[in-house]
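Novice: how would this look folded up:
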Amino acid sequence: MNWYVLYVLSNKTNKILSNLNQREELTAFIPKSEVFHREAKTKTVRDMFNNYIFVKSDMNQSDFNNLLLSMKEENDGLIKQLENAEVSALREKEIEFFNTVLDDEYVARVSVGYQENGKTVITSGPLLHYQDHIIRVIKHHCIAQLDLPFFDRKIVLGVEIKSKN
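Specialist: Residues are numbered from 1 along each chain as shown. The predicted structure is shown next:
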């Protein structure tokens with residue numbers, strides 16, 4: 001299964017997402033991140049990357065490019081595909097990361113953890129497997145910044161820091 005990433009105009013995102021999902025050979029989605037709000041003690045869900053649509057398909061790069069070209073009229077607002085060394089498909093490590101942190105609804109749920117000796121220890125949630133990649137926790141915003149590169153963008157996921165006890 002290949003994963004492709006499309007950059008689109010913000011006001012066309014839902015239309016393009018809908019058009020892509022009408023194709024039997026494609027599964028298009030927007031990865032989302034759940035964030036905990038300390039003051040309100042509530043959780044909200046937001047887009048992980050603004051204006052990006054992810055597409056899963058068994059199609060190879062060439063066939064996927066041809067399909068996008070054939071859908072050009074209905075997908076106005078599609079700006080470009082993100083590419084890794086001339087190939088749009090995500091690398092295996094990136095696919096593995098998203099498969100691990102995203103649930104069936106393509107949402108990365110809030111992880112829970114505590115801090116000890118300046119290190120964040122995750123006790124539950126999708127960051128459990130990636131706690132060694134946390135480079136910064138912004139407690140006020142309840143988010144963790146990871147050192148995993150993704151098209152030169154920082155990956156930020158929700159984390160609720162509790163006391164160790």
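
Novice: shouldn't residue 58 be in contact with residue 1?
Specialist: Yes: the pair residue 58 / residue 1 is scored as a contact, 6.1 Å apart, by C-beta atoms under 8 Å. Placement of C-beta: from N, CA and C, glycine included.

Novice: For the most centrally placed residue in the chain, which non-adjacent residue is spatially closest?
Specialist: With distances taken as C-alpha atoms, centre = their mean, the residue of the chain nearest its centroid is residue 31 (3.9 Å). Closest residue in space to residue 31, ignoring its immediate chain neighbours: residue 48 at 4.3 Å, by C-beta to C-beta, 6 or more residues apart in numbering.

Novice: cool, residue 5 as well?
Specialist: Residue nearest to residue 5 in three dimensions, not counting chain neighbours: residue 82, with 4.2 Å by C-beta to C-beta, 6+ apart.

Novice: for residue 71, same thing?
Specialist: Closest residue in space to residue 71, ignoring its immediate chain neighbours: residue 19 at 6.5 Å, by C-beta to C-beta, 6+ apart.

Novice: ok, the residue nearest to the centre of the chain touching residue 103?
Specialist: No: at 10.5 Å, residue 31 and residue 103 do not qualify as touching, with contact defined as C-beta under 8 Å.

Novice: Any stretches of the protein with poor pLDDT?
Specialist: Counting by pLDDT under 70, the chain shows low-confidence ranges at 84-88, 151-152, 165.

Novice: pretty sure residue 64 belongs to a helix, no?
Specialist: Yes: judged by DSSP: H, G, I helix; E, B strand; the rest coil, residue 64 forms part of a helix.
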